[in-house]
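Undergrad: Prediction below, plus the sequence it came from.
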Amino acid sequence: MALGAISKADFNTSTIYSSTFYLTGIPGYEAIHHWISIPFCILYFIGIVGNCTILHAIRTDPSLHEPMYYFLAMLSFADMGMSLPTLISVLQVLWSISRKIEFNTCVTQMFFIHSFSFAESGVLLAMAFDRYIAICHPLRYATILTPQRIAKIGIFAFLRSSLPVIPLMIRLTYFPFCRSHVLSHSYCLHQDIIRLVCADTKFNFIYGLVLVTLFWGCDSLGILVSYIFILHSVLNIASWEERFKALNTCASHICAVLILYIPMIGLSIVHRFAKNASPLVHVLMAHIYLLVPPVLNPIIYSVKNKKIRRGITRVITPKRINSTLN
């Protein structure tokens, strides 16, 4: 059933306890959804291929078996975890196949999106720590960031991000939904679905705000402190050339931080404090938050890092050509 054909009567008391929700595409542009789906398909394709290529290059190239690239693999995995759960629902809406999504599917989608976005923030903090050790304590780099320690950091980052989200998802299953079952995006976000609840949502609001503050606030503070120490150490280097070389190793990471945090903060502000803004603003911010990091991170690291470029070349180049190049 197309959303345009759904009347208000479809959401009266007979659907109060329905477990089906309806997703929205790009408001005001429903007639050209098929055309809008083209750039979305391209973005999803670039994100999936780019991150899979990065992961495969790091796994197969021994020269990339270093702490910095292990953290980059975690970043690519988090990027995939954010975008892939929404692929089917977004394209179904834009291709006018179906706008329905079951509540359990919606909750699962929310869990992956929010968990992996928090995980990506944690991985970026770990990468900042990696750059701090590499620049400020280069002689101890290999002894501090051992493979075992890196694995523990990665496991902690993903567990820390997923376990605290579970209470929010469980709480949602007990709420009655007596308002319109139409969500304002092409996928499920906690901030979006909670506005449809006709019960006291104070716990979810406060708990969600605490999670955002703790994760994004503490992670961004940790990244900032790391770069303060990095700048202090770099300014003590006498040679301008060596200063530039040291800071250049941080450029990709700084771009990745901005790419994640700017859309993330913008989406939170729009949902919490700009509820009367145009629906188009909400939808665009949600899709920027979802698709920009997975698309741009592989590109940035491929452009800025010679070892990654070499590893990707080995992945996409036939072995015979590789052997002649080596």
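TA: Looks like it arrived, so ask away. Residues are numbered from 1 along each chain as shown.

Undergrad: Against residue 83, how distant is residue 289?
TA: In this structure, residue 289 and residue 83 are separated by 10 Å, where distance is defined by C-beta to C-beta, to the nearest Å. Every C-beta, even on glycine, is put in place using the N, C-alpha and C of the backbone.

Undergrad: which of those two has more neighbours?
TA: More crowded of residue 289 and residue 83, by other C-beta atoms under 10 Å: residue 83, with 25 against 22.

Undergrad: pretty sure the more buried one contacts residue 290?
TA: Yes. Taking C-beta atoms under 8 Å as the contact criterion, residue 83 and residue 290 are neighbours in contact, 6.0 Å apart.

Undergrad: OK, contacts around residue 48?
TA: Under the criterion of C-beta atoms under 8 Å, 6 or more residues apart in numbering, the contact partners of residue 48 comprise 80, 83, 84, 294.

Undergrad: Dump those residues into TSV; add secondary structure and distance to residue 44 as well.
TA: Putting the contacts of residue 48 into TSV (DSSP: H, G, I helix; E, B strand; the rest coil; distance: C-beta to C-beta, whole Å) gives the following:
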residue	secondary structure	distance to residue 44
80	helix	11
83	helix	7
84	helix	9
294	helix	8
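
Undergrad: which one of those sits closest to residue 128?
TA: Ranking those by separation from residue 128, with C-beta to C-beta as the measure, puts residue 294 on top at 19.9 Å.

Undergrad: Pretty sure residue 141 sits in a strand.
TA: No. Secondary structure assignment (DSSP: H, G, I helix; E, B strand; the rest coil) places residue 141 in helix, not in a strand.

Undergrad: right, and it touches residue 134 too?
TA: Yes. Residue 141 is in contact with residue 134 according to C-beta under 8 Å; the separation is 5.5 Å.

Undergrad: Of these two, which one has the most company?
TA: Neighbour comparison, residue 141 and residue 134: the larger count goes to residue 134, with 19 against 16 (by other C-beta under 10 Å).

Undergrad: element containing that one, please.
TA: Counting by DSSP states H and E, the element that carries residue 134 is helix 103-136.

Undergrad: how far is that helix from where the chain is centred?
TA: What separates the centre of helix 103-136 from the centre of its chain is 7 Å, taken as C-alpha atoms, centre = their mean, to the nearest Å.

Undergrad: Okay, buried residues for it please.
TA: Burial within helix 103-136, assessed by neighbour count using 16 or more other C-beta atoms under 10 Å, is assigned to 103, 105-107, 109-136.

Undergrad: Also stretch 27-35?
TA: Residues 30, 33 are the ones in stretch 27-35 that count as buried (16+ other C-beta under 10 Å).

Undergrad: That one spans what distance, first to last residue?
TA: The first and last residues of stretch 27-35 sit 14 Å apart, counting by C-alpha to C-alpha, to the nearest Å.

Undergrad: where do the strands sit along the protein?
TA: Assigned by DSSP state E, the strands in the chain fall at 20-22, 100-102.

Undergrad: Determine which of these approaches residue 32 most closely.
TA: Checked against C-beta to C-beta, the stretch from the strands of the chain lying closest is strand 20-22, at 19.7 Å.

Undergrad: Check which residues of that closest one are buried.
TA: Within strand 20-22, the residues that qualify as buried are 21, 22, counting by 16+ other C-beta under 10 Å.

Undergrad: Tell me the helices and strands packed up against that strand.
TA: strand 100-102, helix 103-136 (3 or more C-beta pairs under 8 Å, 6 or more residues apart in numbering; DSSP states H and E).

Undergrad: pLDDT (mean, whole number) over stretch 24-35?
TA: With pLDDT averaged residue by residue, stretch 24-35 scores 85.

Undergrad: Not counting it itself, show me its contacts.
TA: Among residues not part of stretch 24-35, those counted as contacts by C-beta under 8 Å, 6+ apart are 3-4, 36, 93-96, 99, 182-186, 279-280, 283.

Undergrad: so how far does that stretch reach from one end to the other?
TA: Across its full length, stretch 24-35 reaches 16 Å end to end, with C-alpha to C-alpha as the criterion.

Undergrad: What of stretch 203-219?
TA: Using C-alpha to C-alpha, the gap from the first to the last residue of stretch 203-219 comes to 23 Å.

Undergrad: tell me which residues in it are buried?
TA: 204, 208, 211, 212, 215, 216, 219.

Undergrad: and residue 190, how many neighbours?
TA: 20.

Undergrad: tell me the contacts of it?
TA: 110, 114, 168, 172, 204, 208.

Undergrad: let's see 10 Å
TA: Residues counted as contacts of residue 190 (C-beta atoms under 10 Å, 6 or more residues apart in numbering) are 107, 110-111, 113-114, 165, 168-169, 171-172, 204, 208, 211, 271.

Undergrad: Any stretches of the stretch 201-326 of the chain with poor pLDDT?
TA: For the stretch 201-326 of the chain, the stretches with pLDDT under 70 are 238, 271-275, 277, 318-326.

Undergrad: swap that for the stretch 51-200 of the chain, please
TA: Counting by pLDDT under 70, the stretch 51-200 of the chain contains low-confidence residues at 179.
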